[in-house]
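**Q** what shape does this take:
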Amino acid sequence: MEIFIKHTCVNCQEEITGIGILCNDCTDYTSCLICFSSGAETGAHRNNHSYKFIDTGTLSIFRGKNGWSAKEELHLLDAIEQYGYGNWQDISKHIETKSPEDAKEEYISKFLHGTIGRHTWGPEFENRPILKDHTHPTDTTQISRVQTDKMPVLDILPEEAQQLGYLPNREDFEIEYDSPAEKIVSNLLITPDDDDVDLLVKLAQIHMYTRRLKERARRKKLVRDYQLAAQFFRGNIRRGNRQTKDQKEFRDRFRVFAQFYTSPQYDRLLYSLEGERTLRTRLQELNRYRSSGLTKIDECIYYEQQMALQQKGNNTTNYSAHQSGHQRSELNENKQTSERLALLHQLAQQNKNKITTATTTQDTHDHLNNNNTEDFSSKESSQLQDVVNQTRRQLLSSNEMQICSITNKPAPNYITCKAVMLAGGHKYQQPTNPSEKMMKNYFSKCGWLQ
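**A** Residues are numbered from 1 along each chain as shown. Below is the predicted model:
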């Protein structure tokens, strides 16, 4: 630029610093203020020629105590355009007369927050393009810096980190997952000669590279979140919680879903699913007790004890007769009913041995319809009363005790009649006795009879 050209006085041959005089009639005739004021004439130049003032860049554009010259201001703008905003060290070297702090302060105060900045940057901010986020809102592979900062630091020793190739300060690995991914875009170059097809191919390569970077970031997240490096060297950090075989198989089936949750979320999910499975198992047990006529927890404990004794007795018998296909099918069909009535049949058999008139199911039915109690000896009556009292305390619910009281039916007779009804006795399919109807209605409401 002309303002940076050095001017020399034609008369005294000294360099002009500051304001000079340029003759309009002569060619390239410049004079300093001292020679001009003395009326010096050289060659064809006369002191009456027209003239104009020239500035070599020493004047200050902005008034101030530490004002910059016009030459320094132009050097500042040229350096920012060349080196970029913020590179104040190189900008200071380009100006040569100002420090980096002075250059930063001058540009911000004059060209950003000053009058020039308000009149030039305002319209630019208003007309700047609006950037659109093309990331899909459901794309969970994008990991923000906030989420990464919340993740725990890998619990790993320096020796272990060296063996694993992990850099703790950088929170990175020496060899990245899928390290050849950068080869896709390493030689990629967009030129003005590319047509639409070439641009689409290169964009597809960039998308492929982006997907591989997302997968790399996802794996890093899993390593930090689940402390995989610590588990690699010291085993499972949760080994203190011993798991049963069923729990281990259950957790192995759900391991594939761990990639979609954080470590605390995955632990809560497994805890909830295991709790649900426990509740379902307990609900099935309670339904089984209910179907057997048990309504109290104390009754369930006694029932399980008797079932264990019954099962132990069944294991000592010969099962050869049950190996035929017909009997196995019949056993499967009546398995639920047999389990439910095992204890009831056992007590009914004890009562049959004491009641001589109940030799067959038909005789028992006739005996119940007569509703008469035979005479027993004092010794037999005492023994039977003990059995009745024990049955009342441990087998009959409060509703069943109320039915026995209404129908005036002894507890052993009630249990025998109940066992025959639940076993499917054909005589009780269409009961005619009011007491039998009451019992059948009660069993139907409880769900014991279909």
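**Q** for Ala161, see how far away Arg170 is.
**A** Distance, Arg170 to Ala161, by CB to CB, to the nearest Å: 11 Å. The C-beta positions use only the backbone N, C-alpha and C, and glycine is treated the same way.
**Q** more crowded one of the two?
**A** Ala161 (17 against 8; other CB atoms under 10 Å).
**Q** ok, the more buried one to Asn169 distance?
**A** Remark: distance between Ala161 and Asn169 (CB to CB) = 10 Å.
**Q** with Leu213 instead?
**A** Distance from Leu213 to Asn169, by CB to CB: 22 Å.
**Q** repeat for Trp121
**A** Counting by CB to CB - Trp121 and Asn169 are separated by 40 Å.
**Q** so which of the two has more stuff around it?
**A** Trp121 (13 against 6).
**Q** which residues are contacting the helix or strand hosting the more buried one?
**A** Trp121 belongs to helix 115-126 when assigned by DSSP states H and E. Residues outside helix 115-126 that contact it (CB atoms under 8 Å, 6 or more residues apart in numbering): Lys110, Phe111, Leu112.
**Q** repeat for stretch 258-273
**A** Taking CB under 8 Å, 6+ apart as the rule, stretch 258-273 contacts Thr140, Arg218, Leu222, Asp225, Tyr226, Gln227, Phe250, Arg251, Phe254, Phe257.
**Q** what's the last one in contact with, if anything?
**A** What it means is Phe257. When contacts are taken as CB under 8 Å, 6+ apart, Phe257 is in contact with Tyr266, Leu269.
**Q** for it, grab phi and psi.
**A** With angles defined as degrees, to the nearest 10, Phe257 sits at phi -90, psi 0.
**Q** measure it to Arg251 for me?
**A** 11 Å.
**Q** likewise for the second one?
**A** The spacing between Arg218 and Arg251, counted by CB to CB, is 22 Å.
**Q** check Glu105 too.
**A** 63 Å.
**Q** can you check Ile54 too?
**A** For Ile54, the distance to Arg251 - CB to CB - is 88 Å.
**Q** now Asp55
**A** Taking CB to CB, one finds Asp55 at 84 Å from Arg251.
**Q** circling back: need the contacts of helix 115-126 in CSV with distance to Ile156 and secondary structure, can you?
**A** Below are the contacts of helix 115-126 laid out as CSV (distance: CB to CB, whole Å; DSSP: H, G, I helix; E, B strand; the rest coil):
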residue, distance to Ile156, secondary structure
Lys110, 53, helix
Phe111, 50, helix
Leu112, 47, helix
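**Q** whichever of the residues you listed end up buried, select them in ChimeraX.
**A** Per 16 or more other CB atoms under 10 Å, the buried members of these correspond to this ChimeraX selection:
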select :110,111
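**Q** closest to Thr8 out of the contacts of helix 115-126?
**A** Set against Thr8, the nearest of the contacts of helix 115-126 by CB to CB is Lys110 (31.8 Å).
**Q** which ones are touching that closest one?
**A** Counting by CB under 8 Å, 6+ apart, Lys110 makes contact with Phe62, Glu73, Ile116, Gly117.
**Q** farthest pair in those?
**A** Farthest pair in the contacts of Lys110, by CB to CB: Glu73 and Gly117, 13.7 Å.
**Q** which one of these two has more residues nearby?
**A** Between Glu73 and Gly117, counted using other CB under 10 Å, Glu73 has the larger neighbour count: 20 against 15.
**Q** so that one versus Phe111, what's the distance?
**A** Taken as CB to CB, the span from Glu73 to Phe111 is 9 Å.
**Q** check which helix or strand Ile54 maps to.
**A** With DSSP H and E as the criterion, the answer for Ile54 is strand 51-55.
**Q** so for that strand, mean pLDDT?
**A** Averaged across strand 51-55, pLDDT comes to 82.
**Q** please apply the same query to stretch 163-171.
**A** Rounded mean pLDDT across stretch 163-171 is 80.
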